[in-house]
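Trainee: Need coordinates for the following:
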Amino acid sequence: MKEGPDIAQIGALIGDPARANMLAALTGGRALTATELAGVGGITLQTASTHLAKLEAGGLLAQRKQGRHRYFTLADEAVARLIESMMGFAAGRGHLRHRPGPKEPALRKARICYDHLAGDYGVRMLDSLIASGTIAAVGDGLRLTEKGESHLKCIGIDVGDLRSSRRPLCRSCLDWSERRAHLAGSLGKALLSSFLDKGWARRTAESRSILFSPEGDRQFLRLFPVQG
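Mentor: Predicted structure coming up:
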């Protein structure tokens, strides 16, 4: 294609194994330093700095300075969706880099995808919200219903505040492990934040896993009983 979007450039940026590892690590939503990302990529700090500069120039990363440190994040949610969908595509075609390790069951159950819940629990949550009439699936999109707004208010989610954001309220995101959609957008973020604030679940420092407590499991399964 001689004119139009240059997908080859984006493909080349993501296609380097070290850069792919760094981008995947940043889908967890945490800002990481160049040193931390060098460890993820299995490369030296000097090489990591070169890779990070290329990713930032390509619009995939953003950085901010705090004191003497520079922290890197994905540029926006669109980049997170791109990386997550590519991970799902690769897994679906059998392109796996290692055998499943001890952490994989936890990642498949519940993990963070940028700032919202993914994995089996993420898919279950969206399925339950659709089944209860809280969210309507319209073509490839999602829409919050009037009934849903009242339901969410009962569980502590103020949709009015979310509507004031420029970000979409409901968005579907392809889950790489389940190969089905989970809920993204400002509502997806608000629900995950609610689970963490209530102590039902917690993040882990060493992975993207979201670990639910026994009480958190009970409450989550009570609210979202539909299993896809």
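Trainee: make it CA atoms for all contacts and neighbour counts henceforth
Mentor: Fine.
Trainee: Outline the domain layout of the chain.
Mentor: Per automatic domain parsing, the structural domains of the chain span 7-75, 101-223.
Trainee: Identify the residues contacting the longest helix along the chain?
Mentor: Counting residues, the longest helix found in the chain (DSSP state H) is helix 77-92. Contacts to helix 77-92, defined as CA atoms under 8 Å, 6 or more residues apart in numbering, come from residues 23-24, 27, 60, 74, 96, 113-114, 173-177, 179.
Trainee: host element of the closest residue to residue 54 other than its chain neighbours?
Mentor: Nearest residue to residue 54 in three dimensions, chain neighbours excluded: residue 13, at 7.4 Å (CA to CA, 6 or more residues apart in numbering). Using DSSP states H and E, residue 13 sits within helix 7-15.
Trainee: by how many degrees do that helix and helix 77-92 diverge?
Mentor: Using axes from the mean of the first three to the mean of the last three CA atoms, to 10 degrees, the inter-axis angle of helix 7-15 relative to helix 77-92 is 70 degrees.
Trainee: Summarise which helices and strands helix 7-15 is packed against.
Mentor: Packing contacts for helix 7-15, counted by 3 or more CA pairs under 8 Å, 6 or more residues apart in numbering; DSSP states H and E, involve helix 17-26.
Trainee: Any regions of this protein where pLDDT drops low?
Mentor: 1-2, 97-103, 228 (pLDDT under 70).
Trainee: Helices of that one, residue ranges please.
Mentor: 7-15, 17-26, 34-41, 45-57, 77-92, 104-109, 120-131, 146-154, 159-163, 185-197, 214-223.
Trainee: Pick the most deeply packed of those helices.
Mentor: Of the helices of the chain, the one with the most neighbours on average (mean count of other CA atoms under 10 Å) is helix 120-131, at a mean of 22.
Trainee: List the contacts of the residue nearest to residue 54.
Mentor: If you count contacts by CA under 8 Å, 6+ apart, residue 13 has them with 19, 54, 55, 58.
Trainee: center of the chain, which residue is that?
Mentor: Nearest residue to the geometric centre of the chain (CA atoms, centre = their mean): residue 113, 1.4 Å.
Trainee: Residue 160 versus that residue, what's the distance?
Mentor: Look at residue 113 and residue 160: by CA to CA, to the nearest Å, they are 24 Å apart.
Trainee: What of residue 41?
Mentor: The gap separating residue 41 from residue 160 is 41 Å, by CA to CA.
Trainee: repeat for residue 192
Mentor: Distance, residue 192 to residue 160, by CA to CA: 17 Å.
Trainee: Could you tell me how many residues sit around the residue nearest to residue 146 when sequence neighbours are not counted?
Mentor: In space, residue 146 comes closest to residue 134 once its chain neighbours are excluded; the distance is 7.8 Å by CA to CA, 6+ apart. Residues lying near residue 134 (other CA atoms under 10 Å) number 19.
Trainee: List the residues that contact residue 175.
Mentor: By CA under 8 Å, 6+ apart, residue 175 lies in contact with 84, 85, 88, 118, 119, 123, 181, 182.
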